[in-house]
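Novice: mind folding the following:
(one chain, ligands or ions: 3)
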Amino acid sequence: SSDSSIIISRFREYLQINTAQPNPNYREAAEFLVSQANFLSLDSQVLEFVPGKPLVLLKWPGKSPSLPSILLNSHTDVVPSEHHKWSHPPFEAHLDSSTGNIFARGSQDMKCVGMQYLEAIRKLKASGFQPLRTVYLSFVPDEEVGGHDGAEKFADSEVFKKMNVGVLLDEGLASPDEFYRVFYAERAPWWLVIKATGAPGHGAKLYDNSAMENLLKSIESIRRFRAAQFDLVKSGSRAEGQVISVNMAFLKAGTPSPTGFVMNLQPSEAQAGFDIRVPPTADPSSLERRIAEEWAPSSRNMTFEFKQKTSVYDKFGKPILTALDSSNPWWALLEAAIKKANGKLGKPEIFPASTDARYFRDRGLPAIGFSPMANTPILLHDHNEFLNKDEYLKGIDMYVSIIEAYASFDEQTRDEASRAEL
Ligand SMILES: CSCC[C@H](NC=O)C(=O)O
Ligand SMILES: [Zn+2]
Ligand SMILES: [Zn+2]
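Specialist: Ligands and ions are numbered 1, 2, ... in the order given. This is a model prediction of the structure:
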(Lines give C-alpha, C1' and ligand atoms only; values in the text may rest on other atoms or scores of the structure.)
(Ligands and ions follow the chains in the order given, each with its own letter.)
Protein backbone atom coordinates (compact mmCIF):
# COMPACT_ATOMS: atom_id res chain seq x y z
CA SER A 1 0.00 0.00 0.00
CA SER A 2 1.04 3.63 -0.29
CA ASP A 3 1.08 3.71 3.50
CA SER A 4 3.89 1.19 3.63
CA SER A 5 5.79 2.89 0.84
CA ILE A 6 5.82 6.11 2.88
CA ILE A 7 7.03 4.14 5.90
CA ILE A 8 9.86 2.68 3.82
CA SER A 9 10.80 6.12 2.43
CA ARG A 10 11.14 7.48 5.97
CA PHE A 11 13.40 4.55 6.91
CA ARG A 12 15.53 5.15 3.82
CA GLU A 13 15.74 8.85 4.58
CA TYR A 14 17.23 8.10 8.03
CA LEU A 15 19.62 5.53 6.48
CA GLN A 16 20.84 8.11 3.97
CA ILE A 17 22.27 10.32 6.70
CA ASN A 18 25.96 9.47 6.92
CA THR A 19 26.52 8.87 10.62
CA ALA A 20 29.57 6.63 10.16
CA GLN A 21 32.30 6.79 12.75
CA PRO A 22 34.73 8.45 13.15
CA ASN A 23 32.93 11.56 11.75
CA PRO A 24 29.21 10.98 12.11
CA ASN A 25 26.88 13.69 10.86
CA TYR A 26 25.05 13.87 14.18
CA ARG A 27 23.56 17.29 13.51
CA GLU A 28 21.65 16.11 10.45
CA ALA A 29 20.46 12.98 12.27
CA ALA A 30 19.26 15.04 15.24
CA GLU A 31 17.40 17.46 12.95
CA PHE A 32 15.72 14.57 11.17
CA LEU A 33 14.66 12.92 14.43
CA VAL A 34 13.35 16.12 15.95
CA SER A 35 11.31 16.81 12.81
CA GLN A 36 9.86 13.27 13.05
CA ALA A 37 9.00 13.92 16.68
CA ASN A 38 7.25 17.16 15.74
CA PHE A 39 5.09 15.36 13.16
CA LEU A 40 4.13 12.88 15.89
CA SER A 41 3.56 15.58 18.52
CA LEU A 42 6.13 14.05 20.84
CA ASP A 43 8.06 16.30 23.22
CA SER A 44 11.66 16.54 22.15
CA GLN A 45 14.87 17.60 23.79
CA VAL A 46 18.41 17.58 22.43
CA LEU A 47 21.00 16.90 25.13
CA GLU A 48 24.69 17.45 24.54
CA PHE A 49 26.66 15.78 27.32
CA VAL A 50 29.63 16.34 25.02
CA PRO A 51 29.48 19.26 22.56
CA GLY A 52 28.82 18.09 19.00
CA LYS A 53 27.44 14.74 20.16
CA PRO A 54 23.69 15.29 20.48
CA LEU A 55 21.42 12.81 22.21
CA VAL A 56 17.81 13.17 21.09
CA LEU A 57 15.32 12.42 23.86
CA LEU A 58 11.63 12.14 22.96
CA LYS A 59 8.74 11.81 25.34
CA TRP A 60 5.20 10.51 25.00
CA PRO A 61 3.64 11.44 28.34
CA GLY A 62 1.57 8.80 30.11
CA LYS A 63 -1.71 9.28 31.94
CA SER A 64 -0.04 8.12 35.18
CA PRO A 65 3.28 9.95 35.09
CA SER A 66 4.22 8.70 38.56
CA LEU A 67 4.53 5.10 37.30
CA PRO A 68 8.04 4.03 36.21
CA SER A 69 8.52 4.86 32.54
CA ILE A 70 9.50 2.84 29.47
CA LEU A 71 12.72 3.71 27.62
CA LEU A 72 13.23 2.71 23.98
CA ASN A 73 16.91 3.20 23.18
CA SER A 74 18.78 3.19 19.88
CA HIS A 75 22.12 4.57 18.71
CA THR A 76 22.42 6.96 15.79
CA ASP A 77 26.01 6.22 14.78
CA VAL A 78 27.10 3.38 12.49
CA VAL A 79 30.41 1.69 11.79
CA PRO A 80 32.52 2.70 8.77
CA SER A 81 32.30 0.72 5.54
CA GLU A 82 34.58 -0.14 2.64
CA HIS A 83 32.40 1.50 0.00
CA HIS A 84 34.02 -0.15 -3.02
CA LYS A 85 33.29 -3.62 -1.63
CA TRP A 86 29.54 -3.00 -1.50
CA SER A 87 27.16 -3.76 -4.34
CA HIS A 88 25.38 -0.42 -3.64
CA PRO A 89 26.77 2.67 -1.91
CA PRO A 90 26.20 2.21 1.86
CA PHE A 91 24.40 5.56 2.28
CA GLU A 92 22.18 5.29 -0.78
CA ALA A 93 19.78 2.93 1.03
CA HIS A 94 19.12 1.23 -2.31
CA LEU A 95 15.81 -0.62 -2.41
CA ASP A 96 16.07 -3.69 -4.63
CA SER A 97 12.75 -3.82 -6.46
CA SER A 98 12.72 -7.59 -7.01
CA THR A 99 13.65 -8.71 -3.48
CA GLY A 100 12.61 -5.73 -1.36
CA ASN A 101 16.02 -5.69 0.32
CA ILE A 102 17.25 -2.29 1.52
CA PHE A 103 21.04 -2.01 1.41
CA ALA A 104 22.59 0.43 3.84
CA ARG A 105 25.07 0.72 6.66
CA GLY A 106 22.85 0.85 9.72
CA SER A 107 19.94 -1.04 8.13
CA GLN A 108 20.42 -3.76 10.79
CA ASP A 109 22.63 -1.92 13.30
CA MET A 110 20.45 -0.13 14.32
CA LYS A 111 18.63 2.62 12.46
CA CYS A 112 15.89 0.07 11.74
CA VAL A 113 15.03 -0.17 15.44
CA GLY A 114 15.05 3.59 16.04
CA MET A 115 12.66 4.22 13.16
CA GLN A 116 10.49 1.19 14.03
CA TYR A 117 9.90 2.64 17.51
CA LEU A 118 8.69 5.88 15.87
CA GLU A 119 6.52 4.09 13.31
CA ALA A 120 4.94 1.96 16.05
CA ILE A 121 4.11 5.10 18.02
CA ARG A 122 2.62 6.66 14.88
CA LYS A 123 0.33 3.62 14.51
CA LEU A 124 -0.62 3.58 18.18
CA LYS A 125 -1.46 7.28 18.10
CA ALA A 126 -3.55 6.81 14.94
CA SER A 127 -5.51 4.05 16.69
CA GLY A 128 -6.31 6.40 19.57
CA PHE A 129 -4.14 4.56 22.11
CA GLN A 130 -3.07 6.59 25.14
CA PRO A 131 -0.21 5.32 27.28
CA LEU A 132 -0.63 4.90 31.01
CA ARG A 133 3.12 5.00 31.55
CA THR A 134 5.32 7.61 29.94
CA VAL A 135 7.27 6.31 26.96
CA TYR A 136 10.70 7.82 26.26
CA LEU A 137 12.84 7.33 23.17
CA SER A 138 16.56 7.99 23.33
CA PHE A 139 18.67 8.28 20.18
CA VAL A 140 22.20 8.18 21.49
CA PRO A 141 25.59 8.95 19.89
CA ASP A 142 28.84 6.99 19.95
CA GLU A 143 27.68 3.45 20.76
CA GLU A 144 30.09 2.08 18.17
CA VAL A 145 33.04 3.66 19.96
CA GLY A 146 32.08 2.54 23.44
CA GLY A 147 29.17 4.83 24.40
CA HIS A 148 31.27 6.88 26.83
CA ASP A 149 30.07 10.23 25.42
CA GLY A 150 26.54 8.95 24.90
CA ALA A 151 24.66 6.29 26.87
CA GLU A 152 27.20 6.19 29.70
CA LYS A 153 26.86 9.91 30.50
CA PHE A 154 23.10 9.75 29.94
CA ALA A 155 22.67 6.85 32.40
CA ASP A 156 24.68 8.86 34.95
CA SER A 157 22.73 12.10 34.45
CA GLU A 158 20.14 13.95 36.54
CA VAL A 159 17.87 13.99 33.48
CA PHE A 160 17.91 10.21 33.45
CA LYS A 161 17.24 9.93 37.18
CA LYS A 162 14.16 12.16 36.84
CA MET A 163 12.81 9.98 34.05
CA ASN A 164 12.23 7.18 36.58
CA VAL A 165 12.82 4.46 33.99
CA GLY A 166 11.40 1.03 34.89
CA VAL A 167 12.50 -0.95 31.84
CA LEU A 168 14.56 -0.42 28.75
CA LEU A 169 14.70 -1.94 25.28
CA ASP A 170 17.91 -1.82 23.23
CA GLU A 171 19.42 -3.61 20.24
CA GLY A 172 19.65 -7.33 19.50
CA LEU A 173 20.73 -9.28 16.41
CA ALA A 174 19.17 -10.56 13.22
CA SER A 175 18.21 -14.20 13.03
CA PRO A 176 18.56 -16.34 9.89
CA ASP A 177 15.60 -18.49 10.94
CA GLU A 178 12.02 -17.59 11.80
CA PHE A 179 12.68 -17.04 15.52
CA TYR A 180 13.47 -13.56 16.77
CA ARG A 181 16.51 -13.39 19.03
CA VAL A 182 16.26 -11.75 22.42
CA PHE A 183 19.03 -10.90 24.89
CA TYR A 184 19.04 -10.56 28.69
CA ALA A 185 22.76 -9.93 29.20
CA GLU A 186 25.99 -9.40 27.28
CA ARG A 187 29.63 -10.36 27.50
CA ALA A 188 32.09 -7.93 29.06
CA PRO A 189 34.82 -6.68 26.70
CA TRP A 190 38.42 -7.09 27.84
CA TRP A 191 40.95 -5.71 25.39
CA LEU A 192 44.30 -7.20 26.33
CA VAL A 193 47.77 -6.30 25.10
CA ILE A 194 50.60 -8.67 26.00
CA LYS A 195 54.23 -7.66 25.62
CA ALA A 196 57.32 -9.80 25.46
CA THR A 197 60.91 -8.72 25.80
CA GLY A 198 64.08 -10.70 25.24
CA ALA A 199 67.68 -10.42 24.20
CA PRO A 200 68.26 -9.35 20.60
CA GLY A 201 70.60 -11.48 18.56
CA HIS A 202 71.70 -12.72 15.18
CA GLY A 203 68.93 -14.14 13.04
CA ALA A 204 70.94 -17.31 12.51
CA LYS A 205 71.33 -18.14 16.20
CA LEU A 206 69.11 -20.52 18.16
CA TYR A 207 68.78 -19.33 21.76
CA ASP A 208 66.15 -19.33 24.48
CA ASN A 209 64.11 -16.41 25.79
CA SER A 210 63.98 -14.25 22.69
CA ALA A 211 61.04 -11.82 22.65
CA MET A 212 59.50 -13.60 19.66
CA GLU A 213 59.80 -17.05 21.26
CA ASN A 214 58.29 -15.76 24.50
CA LEU A 215 55.38 -14.18 22.68
CA LEU A 216 54.80 -17.26 20.51
CA LYS A 217 54.49 -19.47 23.61
CA SER A 218 51.72 -17.19 24.82
CA ILE A 219 50.01 -17.18 21.46
CA GLU A 220 50.07 -20.99 21.42
CA SER A 221 48.52 -21.11 24.86
CA ILE A 222 45.85 -18.56 23.94
CA ARG A 223 45.06 -20.51 20.77
CA ARG A 224 44.54 -23.73 22.74
CA PHE A 225 42.17 -21.91 25.09
CA ARG A 226 40.32 -20.35 22.16
CA ALA A 227 39.93 -23.72 20.42
CA ALA A 228 38.56 -25.33 23.59
CA GLN A 229 35.99 -22.56 24.03
CA PHE A 230 35.04 -22.68 20.36
CA ASP A 231 34.65 -26.49 20.53
CA LEU A 232 31.98 -26.01 23.19
CA VAL A 233 30.05 -23.88 20.71
CA LYS A 234 30.70 -26.16 17.72
CA SER A 235 29.51 -29.23 19.62
CA GLY A 236 26.33 -27.40 20.57
CA SER A 237 26.93 -27.67 24.31
CA ARG A 238 27.21 -23.89 24.77
CA ALA A 239 25.71 -20.91 23.01
CA GLU A 240 27.99 -18.27 21.51
CA GLY A 241 27.40 -15.86 24.39
CA GLN A 242 28.17 -18.48 27.06
CA VAL A 243 31.84 -19.01 26.27
CA ILE A 244 34.85 -16.73 26.54
CA SER A 245 35.91 -15.60 23.07
CA VAL A 246 39.49 -14.55 22.30
CA ASN A 247 40.56 -13.15 18.96
CA MET A 248 43.88 -11.63 18.03
CA ALA A 249 43.46 -8.02 16.95
CA PHE A 250 47.06 -7.14 16.15
CA LEU A 251 50.65 -8.33 16.15
CA LYS A 252 53.49 -5.87 16.41
CA ALA A 253 57.18 -6.76 16.25
CA GLY A 254 60.26 -6.51 14.10
CA THR A 255 62.89 -3.94 13.21
CA PRO A 256 61.74 -1.78 10.29
CA SER A 257 64.05 -1.27 7.32
CA PRO A 258 63.57 0.80 4.13
CA THR A 259 62.47 -2.34 2.28
CA GLY A 260 60.27 -3.83 5.01
CA PHE A 261 61.85 -5.46 8.03
CA VAL A 262 65.39 -6.42 8.96
CA MET A 263 65.51 -10.18 8.40
CA ASN A 264 68.62 -11.26 10.26
CA LEU A 265 67.93 -9.57 13.58
CA GLN A 266 65.80 -11.10 16.33
CA PRO A 267 63.89 -8.16 17.89
CA SER A 268 64.05 -7.36 21.59
CA GLU A 269 60.34 -6.56 21.87
CA ALA A 270 57.14 -8.06 20.52
CA GLN A 271 53.50 -7.56 21.36
CA ALA A 272 50.03 -8.81 20.49
CA GLY A 273 46.53 -7.53 21.19
CA PHE A 274 43.42 -9.59 21.86
CA ASP A 275 39.71 -8.85 21.93
CA ILE A 276 38.36 -11.02 24.76
CA ARG A 277 34.67 -11.23 25.68
CA VAL A 278 33.72 -12.59 29.07
CA PRO A 279 30.20 -13.83 29.80
CA PRO A 280 28.62 -12.74 33.10
CA THR A 281 28.36 -16.43 33.96
CA ALA A 282 32.16 -16.93 33.82
CA ASP A 283 34.56 -16.58 36.74
CA PRO A 284 36.63 -13.50 35.91
CA SER A 285 39.26 -14.20 38.55
CA SER A 286 40.21 -17.52 37.00
CA LEU A 287 40.68 -15.79 33.64
CA GLU A 288 42.76 -13.09 35.31
CA ARG A 289 44.94 -15.80 36.84
CA ARG A 290 45.31 -17.52 33.47
CA ILE A 291 46.45 -14.25 31.89
CA ALA A 292 49.01 -13.54 34.61
CA GLU A 293 50.32 -17.11 34.86
CA GLU A 294 50.04 -18.53 31.34
CA TRP A 295 49.47 -15.79 28.78
CA ALA A 296 51.83 -13.12 30.08
CA PRO A 297 53.95 -14.62 32.88
CA SER A 298 56.68 -12.40 34.27
CA SER A 299 58.82 -15.55 34.48
CA ARG A 300 58.94 -15.36 30.67
CA ASN A 301 59.76 -11.62 30.62
CA MET A 302 56.20 -10.71 29.79
CA THR A 303 53.90 -7.89 30.85
CA PHE A 304 50.30 -7.12 30.02
CA GLU A 305 47.91 -4.21 29.97
CA PHE A 306 44.16 -3.84 29.46
CA LYS A 307 43.01 -1.20 26.96
CA GLN A 308 39.47 -1.88 28.15
CA LYS A 309 38.25 -4.07 30.99
CA THR A 310 34.57 -4.02 31.81
CA SER A 311 33.46 -5.75 34.96
CA VAL A 312 31.06 -8.65 34.70
CA TYR A 313 29.62 -7.41 38.01
CA ASP A 314 27.27 -4.47 38.59
CA LYS A 315 27.44 -1.72 41.23
CA PHE A 316 25.99 -4.18 43.73
CA GLY A 317 28.58 -6.90 43.04
CA LYS A 318 26.16 -9.13 41.16
CA PRO A 319 26.69 -10.51 37.62
CA ILE A 320 25.12 -8.04 35.19
CA LEU A 321 22.05 -9.82 33.88
CA THR A 322 18.38 -9.04 33.54
CA ALA A 323 16.29 -11.59 35.43
CA LEU A 324 13.78 -13.51 33.33
CA ASP A 325 11.87 -14.97 36.24
CA SER A 326 8.70 -13.75 37.95
CA SER A 327 10.66 -10.89 39.52
CA ASN A 328 10.70 -9.25 36.10
CA PRO A 329 7.15 -8.79 34.73
CA TRP A 330 8.54 -7.06 31.62
CA TRP A 331 9.88 -10.34 30.28
CA ALA A 332 6.52 -12.13 30.38
CA LEU A 333 4.89 -9.05 28.87
CA LEU A 334 7.38 -9.03 25.99
CA GLU A 335 6.88 -12.74 25.31
CA ALA A 336 3.10 -12.34 25.28
CA ALA A 337 3.22 -9.20 23.13
CA ILE A 338 5.37 -10.83 20.45
CA LYS A 339 3.15 -13.89 20.42
CA LYS A 340 0.08 -11.69 20.09
CA ALA A 341 1.63 -10.02 17.04
CA ASN A 342 2.29 -13.49 15.49
CA GLY A 343 6.02 -13.35 16.09
CA LYS A 344 8.10 -16.31 17.27
CA LEU A 345 10.75 -15.87 19.92
CA GLY A 346 13.87 -17.99 20.34
CA LYS A 347 15.47 -18.88 23.67
CA PRO A 348 16.83 -15.80 25.48
CA GLU A 349 20.57 -15.37 24.94
CA ILE A 350 23.65 -13.53 26.13
CA PHE A 351 24.65 -10.92 23.53
CA PRO A 352 28.10 -11.87 22.21
CA ALA A 353 29.36 -8.29 21.84
CA SER A 354 28.62 -5.07 23.74
CA THR A 355 25.69 -2.66 23.60
CA ASP A 356 24.67 0.45 25.51
CA ALA A 357 22.30 -1.73 27.56
CA ARG A 358 25.20 -2.47 29.92
CA TYR A 359 25.16 1.10 31.29
CA PHE A 360 21.54 0.69 32.34
CA ARG A 361 21.79 -2.91 33.58
CA ASP A 362 24.74 -1.77 35.66
CA ARG A 363 22.30 0.41 37.62
CA GLY A 364 20.05 -2.57 38.27
CA LEU A 365 17.54 -1.72 35.55
CA PRO A 366 15.98 -4.52 33.52
CA ALA A 367 17.10 -4.20 29.89
CA ILE A 368 16.14 -6.42 26.98
CA GLY A 369 18.03 -6.56 23.69
CA PHE A 370 15.70 -7.04 20.74
CA SER A 371 15.97 -6.09 17.07
CA PRO A 372 13.01 -7.64 15.25
CA MET A 373 14.74 -9.17 12.21
CA ALA A 374 13.85 -12.81 11.50
CA ASN A 375 14.68 -14.65 8.25
CA THR A 376 17.65 -12.28 7.88
CA PRO A 377 21.38 -13.03 7.58
CA ILE A 378 23.48 -11.43 10.34
CA LEU A 379 25.22 -8.59 8.52
CA LEU A 380 25.98 -6.01 11.18
CA HIS A 381 29.44 -4.47 10.59
CA ASP A 382 29.65 -6.51 7.34
CA HIS A 383 29.64 -5.53 3.65
CA ASN A 384 26.22 -5.23 1.97
CA GLU A 385 24.31 -4.91 5.23
CA PHE A 386 20.62 -5.06 4.35
CA LEU A 387 17.16 -5.53 5.75
CA ASN A 388 14.15 -6.67 3.80
CA LYS A 389 11.30 -4.16 3.73
CA ASP A 390 8.67 -6.73 4.72
CA GLU A 391 10.75 -7.79 7.74
CA TYR A 392 11.07 -4.13 8.67
CA LEU A 393 7.29 -3.67 8.44
CA LYS A 394 6.67 -6.84 10.51
CA GLY A 395 9.06 -5.48 13.12
CA ILE A 396 6.94 -2.34 13.45
CA ASP A 397 3.95 -4.52 14.35
CA MET A 398 6.04 -6.26 17.03
CA TYR A 399 6.77 -2.87 18.60
CA VAL A 400 3.12 -1.78 18.33
CA SER A 401 2.25 -4.83 20.41
CA ILE A 402 5.16 -4.44 22.87
CA ILE A 403 4.74 -0.69 23.41
CA GLU A 404 1.00 -1.13 23.89
CA ALA A 405 1.57 -3.85 26.51
CA TYR A 406 4.40 -2.02 28.29
CA ALA A 407 2.74 1.38 28.33
CA SER A 408 -0.55 -0.06 29.65
CA PHE A 409 1.04 -2.26 32.30
CA ASP A 410 -0.35 -1.40 35.68
CA GLU A 411 1.58 -3.31 38.31
CA GLN A 412 -0.84 -2.26 41.02
CA THR A 413 -3.79 -3.85 39.22
CA ARG A 414 -1.80 -6.98 38.54
CA ASP A 415 -0.74 -7.26 42.18
CA GLU A 416 -4.30 -6.77 43.37
CA ALA A 417 -5.54 -9.35 40.89
CA SER A 418 -2.99 -11.93 42.02
CA ARG A 419 -3.84 -11.27 45.68
CA ALA A 420 -7.51 -11.77 44.89
CA GLU A 421 -6.68 -15.12 43.31
CA LEU A 422 -5.05 -16.37 46.52
C1 LIG B 1 33.58 -2.09 24.19
S2 LIG B 1 32.93 -0.75 23.41
C3 LIG B 1 32.63 -1.33 21.78
C4 LIG B 1 31.23 -1.64 21.54
C5 LIG B 1 31.03 -2.48 20.33
N6 LIG B 1 29.62 -2.57 20.09
C7 LIG B 1 29.13 -3.10 18.99
O8 LIG B 1 29.76 -3.68 18.14
C9 LIG B 1 31.67 -3.84 20.54
O10 LIG B 1 32.83 -4.01 20.15
O11 LIG B 1 31.04 -4.77 21.05
ZN1 LIG C 1 24.54 -1.46 17.40
ZN1 LIG D 1 27.48 -2.11 15.90
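Novice: can you name the residues in contact with stretch 204-215?
Specialist: 194, 196-201, 253, 264, 266-272, 300-302 (Cβ atoms under 8 Å, 6 or more residues apart in numbering). C-beta here means a position set from N, CA and C on the backbone, and glycine is covered the same way.
Novice: list the buried residues in it.
Specialist: If you call a residue buried by 16 or more other Cβ atoms under 10 Å, then stretch 204-215 has these buried ones: 210, 211, 212, 213, 214, 215.
Novice: can you read off the backbone torsions of the most centrally placed residue in the chain?
Specialist: The chain has residue 355 as the residue nearest its centroid, 2.8 Å off, counting by Cα atoms, centre = their mean. Residue 355 adopts backbone torsions of phi -140, psi 170, taken as degrees, to the nearest 10.
Novice: of the buried residues of stretch 204-215, which belong to helices?
Specialist: 211, 212, 213, 214, 215 (DSSP state H).
Novice: and the third one, how far is that from residue 285?
Specialist: Read that as residue 213. 29 Å (Cβ to Cβ, to the nearest Å).
Novice: got it, and residue 179?
Specialist: Using Cβ to Cβ, residue 179 is found at 35 Å from residue 285.
Novice: can you pull out the low-pLDDT segments for this protein?
Specialist: Within the chain, the segments meeting pLDDT under 70 span 1, 412-422.
Novice: what does it put close to ligand 2?
Specialist: Within the chain, the positions lying close to ligand 2 (Cβ under 5 Å from the ion) are 109, 110, 171.
Novice: was I right to think the last one contacts residue 371?
Specialist: Looking back up the chat, that one is residue 171. Yes: if you go by Cβ atoms under 8 Å, residue 171 and residue 371 touch, sitting 5.1 Å apart.
Novice: tell me which element residue 166 is part of?
Specialist: strand 165-170 (DSSP states H and E).
Novice: mind listing the shared neighbours of residue 171 and residue 371?
Specialist: Common neighbours of residue 171 and residue 371, using Cβ under 8 Å, 6+ apart, are 109, 110, 113.
Novice: did I read that right, the last one in a strand?
Specialist: Spelled out, it's residue 113. No: under DSSP: H, G, I helix; E, B strand; the rest coil, residue 113 falls outside any strand and is assigned helix.
Novice: give me the neighbour count for it.
Specialist: 23 (other Cβ atoms under 10 Å).
Novice: hmm, it is touching residue 171, no?
Specialist: Yes: the pair residue 113 / residue 171 is scored as a contact, 5.9 Å apart, by Cβ under 8 Å.
Novice: any common contacting residues for these two?
Specialist: Listed as contacting both residue 113 and residue 171 by Cβ under 8 Å, 6+ apart are 74, 371.
Novice: do me a favour and get the end-to-end distance for stretch 258-269?
Specialist: One end of stretch 258-269 sits 19 Å from the other (Cα to Cα, to the nearest Å).
Novice: tell me the buried residues in that stretch?
Specialist: Across stretch 258-269, burial judged by 16+ other Cβ under 10 Å covers 266, 267, 268, 269.
Novice: now do the contacts for residue 352.
Specialist: Counting by Cβ under 8 Å, 6+ apart, residue 352 touches 186, 187, 240, 241, 245, 277.
Novice: ok, of those, which come out buried?
Specialist: Buried among the contacts of residue 352 (16+ other Cβ under 10 Å): 186, 187, 240, 241, 245, 277.
Novice: now the third one: closest residue in space that isn't a chain neighbour?
Specialist: Spatial nearest neighbour of residue 240, excluding adjacent residues (Cβ to Cβ, 6 or more residues apart in numbering): residue 352 at 4.9 Å.
Novice: ok, the one you found to ligand 1 distance?
Specialist: Going from residue 352 to ligand 1 by Cβ to the nearest ligand atom, to the nearest Å gives 8 Å.
Novice: same thing with residue 130?
Specialist: Residue 130 is 36 Å from ligand 1, by Cβ to the nearest ligand atom.
Novice: returning to what we had before: of the ones in helices among the buried residues of stretch 204-215, closest to ligand 1?
Specialist: Nearest to ligand 1 among these, counting by Cβ to the nearest ligand atom, is residue 215 at 24.4 Å.
Novice: re earlier: just curious, which of the buried residues of stretch 258-269 is nearest to ligand 2?
Specialist: Comparing the buried residues of stretch 258-269 against ligand 2 with Cβ to the ion places residue 269 closest, at 36.0 Å.
Novice: which residues sit in contact with that closest one?
Specialist: Residue 269 neighbours (Cβ under 8 Å, 6+ apart): 195, 196, 197, 211, 253.
Novice: please name the nearest non-neighbouring residue to residue 181.
Specialist: residue 175 (4.7 Å).
Novice: am I right that the one you found is in contact with residue 183?
Specialist: No: judged on Cβ under 8 Å, residue 175 makes no contact with residue 183 at a distance of 11.5 Å.
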